[in-house]
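Trainee: Predicted coordinates and the sequence they were generated for:
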Amino acid sequence: MERYYEQFLFVGELRSITKASQLLHVSQPTVSANMQRLEQQLGVKLYSRLSRGIELSEYGELLLKHCRELQHSQQRFHVALEDLKLRRQGKLRFGCGDAWWELFARDSVTQFLSTQSPTIRLSFGNHLELMEQLLAADLDLFIGHQIDGLSHQNDIAFETLFYARDSYYAREQHPLLLNSNISAPMSVDPLQRYPLIAVTPDRDSMQHLLDDPLPKQYMMRQRQQSQQSIMEVDSYKASLDLLLNSDAVMPYPSALEVQFRKQGILALPLDNPSPWAPIGIYARPSSPVNETLLSQLRHYSSLMASQNAEIKTLDAGATCIE
């Protein structure tokens, strides 16, 4: 940032030339002279002196906003620069949905780290939030559901690993499991009487990533208009805590049924199961992806799919990320 602007940022934020000069370790007369030069350059009065400090003019407020933006832009640049340096040195930035981390990504990353020693950053959460990080070059790749309606303007590649679907889960002592034959399929209607836990739900602020946001908006509107109480939780662990200590129900991948059963959480038998959806790797074709990690993800996801009855294996001839 230009020296005059940097000094004005301190003067404007502190509303005092004296305090600004002290923090900048520059003499007060020098700061005052530089502010006068800045006013001359811009051709406007930036502030008025008061008995104690200064008061910014309308032009001064505008310049202060501009200086803040310059500072933030400069900070972002330096963060991106350091991140690029780390990537060149082997930094890996990987995102993942919590379910897929537990089922196979954890083993993949652990095996990868046993043979290499990169700097690594792991991000977890909603697939649209991970997509925004990928588009901003804050991630190299992530594992998640294929996103319906994703904008075709985005330079993104998706490699399907397998297909999965959701079940509705509840604690073992849930009234729906106690008051009926546990093996008898039920409709989703009785579930409406109980709170629903939405784990890392989609946000309205992420809709700009979609060419066609209507399907997601329709689902969100249906949920909002429902009489069902909804708990939106951005933590996988907290979601399980709430599920185990309430009569709530929670939609989550069926592939975790075995793991959940060990914790006292059961899948509710439904007469109309949810549809299968592609799960895979998102990456940017224009950005290099670590081939060793890709190989591990493919290996462990295939191994998991072969051993899990709630996973549909990939058809031959699927497109792979190069």
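Mentor: All right, it came through fine.
Trainee: all contacts plus neighbour counts: C-alpha atoms, from now on.
Mentor: Fine.
Trainee: What about Met250, how many residues nearby?
Mentor: Look at Met250: counted by other C-alpha atoms under 10 Å, it has 26 neighbours.
Trainee: Please apply the same query to Arg3.
Mentor: For Arg3, the tally of surrounding residues (other C-alpha under 10 Å) stands at 9.
Trainee: What of the one 4 residues further on?
Mentor: As a burial measure, Gln7 scores 22 neighbours (other C-alpha under 10 Å).
Trainee: elements contacting the host helix or strand of it?
Mentor: Counting by DSSP states H and E, the element that carries Gln7 is helix 3-14. Counting contacts by 3 or more C-alpha pairs under 8 Å, 6 or more residues apart in numbering; DSSP states H and E, helix 3-14 is packed against helix 17-24, helix 28-42, helix 58-88.
Trainee: could I get these as a markdown table with mean neighbour count?
Mentor: What follows is the helices and strands packed on helix 3-14, written out as a markdown table (neighbours: other C-alpha atoms under 10 Å):
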| stretch | mean neighbour count |
| --- | --- |
| helix 17-24 | 17 |
| helix 28-42 | 14 |
| helix 58-88 | 14 |
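Trainee: now the angle from the helix holding Gln7 to helix 58-88?
Mentor: 110 degrees (axes from the mean of the first three to the mean of the last three C-alpha atoms, to 10 degrees).
Trainee: In PDB, list the C-alpha atoms belonging to helix 3-14.
Mentor: The C-alpha coordinates for helix 3-14 follow below in PDB (Å, rounded to 0.1, in the frame of the first residue of the first chain):
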ATOM      1  CA  ARG A   3       2.900   5.200   2.200                       C
ATOM      2  CA  TYR A   4       0.400   8.100   2.200                       C
ATOM      3  CA  TYR A   5      -2.600   5.800   2.100                       C
ATOM      4  CA  GLU A   6      -1.100   3.600   4.800                       C
ATOM      5  CA  GLN A   7      -0.600   6.600   7.100                       C
ATOM      6  CA  PHE A   8      -4.100   7.900   6.400                       C
ATOM      7  CA  LEU A   9      -5.500   4.500   7.300                       C
ATOM      8  CA  PHE A  10      -4.000   4.900  10.800                       C
ATOM      9  CA  VAL A  11      -5.000   8.500  11.100                       C
ATOM     10  CA  GLY A  12      -8.600   7.700  10.000                       C
ATOM     11  CA  GLU A  13      -9.000   4.700  12.200                       C
ATOM     12  CA  LEU A  14      -7.600   6.400  15.300                       C
END
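Trainee: angle of that helix against helix 17-24?
Mentor: Helix 3-14 and helix 17-24 are oriented at 120 degrees to each other (the same axes, to 10 degrees).
Trainee: pLDDT averaged over helix 3-14 - what is it?
Mentor: The average pLDDT within helix 3-14 is 90.
Trainee: Mind listing what's buried along that helix?
Mentor: When neighbours are counted by 16 or more other C-alpha atoms under 10 Å, the buried residues of helix 3-14 are found to be 5-12.
Trainee: re earlier: will you turn the helices and strands packed on helix 3-14 into TSV that also has mean pLDDT?
Mentor: Putting the helices and strands packed on helix 3-14 into TSV (pLDDT from 0 to 100) gives the following:
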stretch	mean pLDDT
helix 17-24	90
helix 28-42	92
helix 58-88	81
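Trainee: still on that earlier bit, export the buried residues of helix 3-14 to TSV and tack on distance to Asp166?
Mentor: Rendered in TSV, the data for those read as follows (distance: C-alpha to C-alpha, whole Å):
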residue	distance to Asp166
Tyr5	55
Glu6	53
Gln7	56
Phe8	56
Leu9	52
Phe10	54
Val11	56
Gly12	54
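Trainee: Of those, which is the nearest to Thr292?
Mentor: Relative to Thr292, the closest of these is Glu6; by C-alpha to C-alpha it sits at 45.1 Å.
Trainee: where do the helices sit along this protein?
Mentor: 3-14, 17-24, 28-42, 58-88, 98-100, 106-115, 127-135, 175-178, 214-225, 236-244, 257-262, 291-307 (DSSP state H).
Trainee: Output the below-cut-off pLDDT ranges for the stretch 51-200 of the chain.
Mentor: Under the criterion of pLDDT under 70, the regions of the stretch 51-200 of the chain flagged as low confidence span 82-90, 117, 179-183.
Trainee: could you redo the last one with a cut-off of 90?
Mentor: Counting by pLDDT under 90, the low-confidence segments of the stretch 51-200 of the chain come to 51-53, 68-93, 112-121, 125, 135-140, 148-156, 177-190, 192.
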